[in-house]
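[1] what's the 3D shape of this:
(chains A and B)
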Amino acid sequence: MKLYNTLSKQIEEIVPIEAPSVTLYTCGPTVYDYPHIGNWFTFIRYDVLVRTLKASGLSTRWVLNITDVGHLVSDADDGEDKLEKGARMEGKTAWDVAAFYGTYFEDALRRLNFSKPDFLPKATEHITEQIEMIRILTDKGYTYVIDDGVYYDTAKFERYADFACLDLDEQQAGARVEFNPQKRNATDFALWKFSPTDQQRDMEWDSPWGKGFPGWHIECSAMSRSYLGDTIDIHSGGIDHIPVHHTNEIAQSEASTGKRFANTWMHSNHILINDEKISKSLGNGITLEDIEAKGYSLEVLRLHALESHYRSQSKFSWDSLEAAQNRLKSYQAMADLRFQAQEAGNEKPRDFDHVIRSDILEPLFEDLNTPTVLANISNLENALNTDCINSIEVAGLSKYLQTIDDTLGLRLIQSKDINDEQKTLIQNRWEARQSKDWAQSDALRDQLVADGIGLRDTQFKSIWYRL
RNA sequence: GGCGCCUUGGCGGAGUAGUCACGCAACGGUCUGCAAAACCGUGUACACGGGUGCAAAUCCCGUAGGCGCCUCCA
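    Next comes the predicted model:
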């Protein structure tokens, strides 16, 4: 399969280092709050990447990390981080907060029907590896120590600006934030921060440089290496990570190992709400609970996330979520046709194997073109509606639906057939209609509607669908 | 100030140098006992101005507007 590579700025074939296994690292959440739908859009798209890699015949070793030690609130911060701050506000320890939201996140992955990551490592469980990497960087002369911590000297890593195409001289360092004047370069970043002397932190560890906690970027470099080796196939994350987090990861990893860190970098763009980014200050951080409170299933959210391409800056609105819900209903109606077609051996030859390849797999293999896949599914759904119900090949349709579920995770094939009682009602109504007993026919129809089942009368039989 | 991206019909959103995206909504119709659903059809969609091509919404240049990043961020 092919994927756009931020590193080369081209769409490239994924060629695993050790085929058929693909090593994949995804920058996961910092567990200090409920993730918002912007976060989930991004994660859903990574899930589809993993599913698509598998559908292309590759296997995956997928690390999705959980950052449970806080990133600093800002560069100028005195050491208070998100987790510690969140803990103080809730009257708990940073450990409590991280455990709560960490559990929430893992549970949400199941609710959203994510494929299971092979590893969900926590930063606090890999402090030793992080210290080890900082030690290597120190031995190689990439670090220096100032008041508040051990820093990476980005001037020592010649390629520093390359990944994000940064123009370091022209960037207004400190345009919006004061930075520590002891830093040698504006882009230098902390590898290890010292605990403040006047304050007891919830999370702190001993290190060769003093008691403290890891910097904001080292965990990913250390955990990626620990689970997947020096060079990995694909590293994914949000588009915002390009200029800082991923740039710094590359600097750390490549300086310490002397090898390329990741062959392919995949970045998901952000979504906008009312043409604005999602942020705490705007108060537009919709959560999964908000979605469900309005009566939408998480499959609807997933479908909506796939209606735009992962590299485009797309929009979220309740109206478009509603549109996604209607679309999903029509897909589910298509899925329910497999219970109603009769395999009488008189199927019209529809080559489902070919359709699966051309409509689903090929667009996905071409840089995850999920909007085109959905358009193709809609086209097939429309075509099946004009087919005679008895001419639909059940096995082929089931395979088609299974492929959708395997790659997009929409759970279409999970719907169950209606029960025998309901089937009898439908049959009785059909017979009432045939004998023009409209009162009886309508009464039975009302009964079915009350049961959440709608009917579509065709020339030969009534086709049911879920309301 | 620097870097980058974007501008497609009422809304969302693919795609592409030469028949169709698709979804939602709207309108008209067919079918129907009535409905519903389904199907068919309709809407001069590609920001604006130039340029290159037989042909441009699609490539190039310019203009306008919008967005993102340069601070933690999905």
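[2] my read: A:Asp167 touches A:Ala161, true?
    Yes - the criterion here is CB atoms under 8 Å, and A:Asp167 meets it with A:Ala161 at 7.3 Å. Glycine gets a C-beta too; all of them are placed from N, C-alpha and C.
[3] which of those two has more neighbours?
    Between A:Asp167 and A:Ala161, counted using other CB atoms under 10 Å, the more crowded position is A:Ala161 (17 against 8).
[4] The more buried one in helix, strand or coil?
    coil (DSSP: H, G, I helix; E, B strand; the rest coil).
[5] Would you check how far apart it and A:Tyr25 are?
    According to CB to CB, to the nearest Å, A:Ala161 and A:Tyr25 sit 23 Å apart.
[6] same check, this time on A:Phe352
    On the measure of CB to CB, A:Phe352 and A:Tyr25 end up 35 Å apart.
[7] Now the phi/psi pair for A:Gly141, please.
    phi 80, psi 20 (degrees, to the nearest 10).
[8] Excluding chain neighbours, what is closest to it?
    Distance criterion CB to CB, 6 or more residues apart in numbering; nearest residue to A:Gly141, sequence neighbours excluded, is A:Lys156 at 6.7 Å.
[9] so who does that neighbour touch?
    Shown in contact with A:Lys156 (CB atoms under 8 Å, 6 or more residues apart in numbering): A:141-142, A:255.
[10] Give me the nearest residue to the residue in the stretch 101-250 of chain A that RNA strand B sits nearest to, chain neighbours excluded.
    The stretch 101-250 of chain A approaches RNA strand B most closely through A:Gly238 (1.3 Å), counting by CB to the nearest atom of the strand. Counting by CB to CB, 6+ apart, A:Gly238 lies nearest to A:Thr42, which is 5.4 Å off, once chain neighbours are set aside.
[11] Now do the end-to-end distance for stretch A:25-33.
    Stretch A:25-33 has an end-to-end distance of 22 Å (CA to CA, to the nearest Å).
[12] so how far is that stretch off the chain centroid?
    11 Å (CA atoms, centre = their mean, to the nearest Å).
[13] Could you check which helix or strand contains the residue nearest to A:Tyr104 when sequence neighbours are not counted?
    Of all residues beyond its chain neighbours, the one nearest A:Tyr104 is A:Tyr34 (6.9 Å), with distances taken as CB to CB, 6+ apart. Assessed by DSSP states H and E, A:Tyr34 sits outside every helix and strand.
[14] Can you verify my assumption that A:Tyr34 contacts A:Asp290?
    No - A:Tyr34 is beyond contact range of A:Asp290, at 9.5 Å (criterion: CB under 8 Å).
[15] separation between the residue nearest to A:Gly141 and A:Glu18?
    31 Å.
[16] Likewise for A:Tyr331?
    37 Å.
[17] More neighbours: which of these two?
    More crowded of A:Tyr331 and A:Glu18, by other CB under 10 Å: A:Tyr331, with 22 against 10.
[18] Ignoring the adjacent residues along the chain, who's closest to that one?
    Nearest residue to A:Tyr331, sequence neighbours excluded (CB to CB, 6+ apart): A:Leu412, at 5.8 Å.
[19] Give the burial count for the one you found, as a bare number.
    Neighbour number of A:Leu412 under other CB under 10 Å is 22.
[20] Could I get the CA-only coordinates of the helix or strand hosting A:Glu129 as CSV?
    Using DSSP H and E, the element containing A:Glu129 is helix A:127-139. The C-alpha coordinates for helix A:127-139 follow below in CSV (Å, rounded to 0.1, in the frame of the first residue of the first chain):
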residue,chain,number,x,y,z
ILE,A,127,11.9,6.0,32.9
THR,A,128,15.0,3.8,32.9
GLU,A,129,15.0,3.7,29.1
GLN,A,130,14.6,7.4,28.8
ILE,A,131,17.4,8.1,31.2
GLU,A,132,19.6,5.6,29.3
MET,A,133,18.9,7.5,26.0
ILE,A,134,19.7,10.8,27.7
ARG,A,135,23.0,9.3,28.9
ILE,A,136,23.9,8.2,25.4
LEU,A,137,23.2,11.7,24.1
THR,A,138,25.2,13.2,26.9
ASP,A,139,28.1,10.8,26.1
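[21] In the sheet, which strands lie alongside the helix or strand following it, parallel or antiparallel?
    The helix or strand immediately downstream of helix A:127-139 is strand A:143-146, counting by DSSP H and E. Looking at strand A:143-146 with DSSP bridges, its partner strands are strand A:149-152 (antiparallel).
[22] Name the surrounding residues that touch the partner strand.
    A:134, A:137-138, A:142-145, A:183-184, A:188-194, A:209, A:212, A:215, A:248, A:251-252.
[23] How far off centre is that strand?
    Chain-centre distance of strand A:149-152: 32 Å, with CA atoms, centre = their mean.
[24] Let me know whether it sits next to RNA strand B.
    No - using CB under 7 Å from any atom of the strand, strand A:149-152 stays clear of RNA strand B, coming no nearer than 12.0 Å.
[25] Report the backbone C-alpha coordinates of that strand in PDB.
    Taking Å, rounded to 0.1, in the frame of the first residue of the first chain, the C-alpha atoms of strand A:149-152 are listed here in PDB:
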ATOM      1  CA  GLY A 149      17.400  20.700  33.500                       C
ATOM      2  CA  VAL A 150      19.400  18.800  30.900                       C
ATOM      3  CA  TYR A 151      18.900  20.200  27.400                       C
ATOM      4  CA  TYR A 152      19.500  19.000  23.900                       C
END
